[in-house]
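>>> missing the sequence, but the structure's below:
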């Protein structure tokens, strides 16, 4: 996931709960923190093999600059996992 790195994405967001209760860890958090928690859950619950979360602002993004709020969900880790999955799939197809 790529999230624009702005003051708004880094500031806590209000939660509305008209239909169901929001998990406590998502309350009083920013969009960036929520995305990080989402990536963490996808991996911890083994729904995804790997995830990636990077933040970039408009100017820096055009120059390839970004930040990784959590190295566990960094681009290099994600690319390595994706590459390994692709190689394993290719080997299975040859049989």
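Thanks, I have the structure now. Quick caveat: nothing in here was measured; it's all calculated off a predicted structure.

>>> use CA for all of it now, contacts and neighbours both
OK.

>>> now the longest helix seen in the chain, how far from the centre of its chain.
With residue count as the measure and DSSP state H as the assignment, the chain has helix 75-94 as its longest helix. Taking the mean C-alpha point of helix 75-94 and that of its whole chain, the gap between them comes to 19 Å (Cα atoms, centre = their mean, to the nearest Å).

>>> tell me where the chain has strands.
Taking DSSP state E as the test, the strands found in the chain are 2-4, 54-56.

>>> so of these, which one's packed in deepest?
With neighbours defined by mean count of other Cα atoms under 10 Å, none of the strands of the chain is more surrounded on average than strand 54-56, at a mean of 20.

>>> which residues touch the residue most central in space within the chain?
Per Cα atoms, centre = their mean, the C-alpha nearest to the average position across the chain is that of residue 53, at 3.2 Å. When the contact criterion is Cα atoms under 8 Å, 6 or more residues apart in numbering, the partners of residue 53 are 1, 2, 3, 35, 36, 39, 68, 69, 70, 73, 74, 75.

>>> how about it, nearest residue that isn't a chain neighbour?
The spatially closest residue to residue 53, leaving aside those adjacent along the chain, is residue 1, at 4.8 Å (Cα to Cα, 6 or more residues apart in numbering).

>>> tally up the residues packed near that neighbour, please.
Using other Cα atoms under 10 Å, residue 1 is surrounded by 13 other residues.

>>> that one: what's it in contact with?
Counting by Cα under 8 Å, 6+ apart, residue 1 makes contact with 51, 52, 53, 54.

>>> residue 76 now?
Taking Cα under 8 Å, 6+ apart as the test, residue 76 contacts no residue whatsoever.

>>> and if you look at residue 33?
Neighbour list for residue 33: residue 10 [criterion: Cα under 8 Å, 6+ apart].

>>> quick one: it from residue 66, how far?
The gap separating residue 33 from residue 66 is 16 Å, by Cα to Cα, to the nearest Å.

>>> may I see the strands of the chain organised as JSON lines, with distance to residue 14 and mean pLDDT added?
Listed next are the strands of the chain as JSON lines, based on distance: least, Cα to Cα, whole Å; pLDDT from 0 to 100:
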{"stretch": "strand 2-4", "distance to residue 14": "18", "mean pLDDT": "97"}
{"stretch": "strand 54-56", "distance to residue 14": "21", "mean pLDDT": "97"}
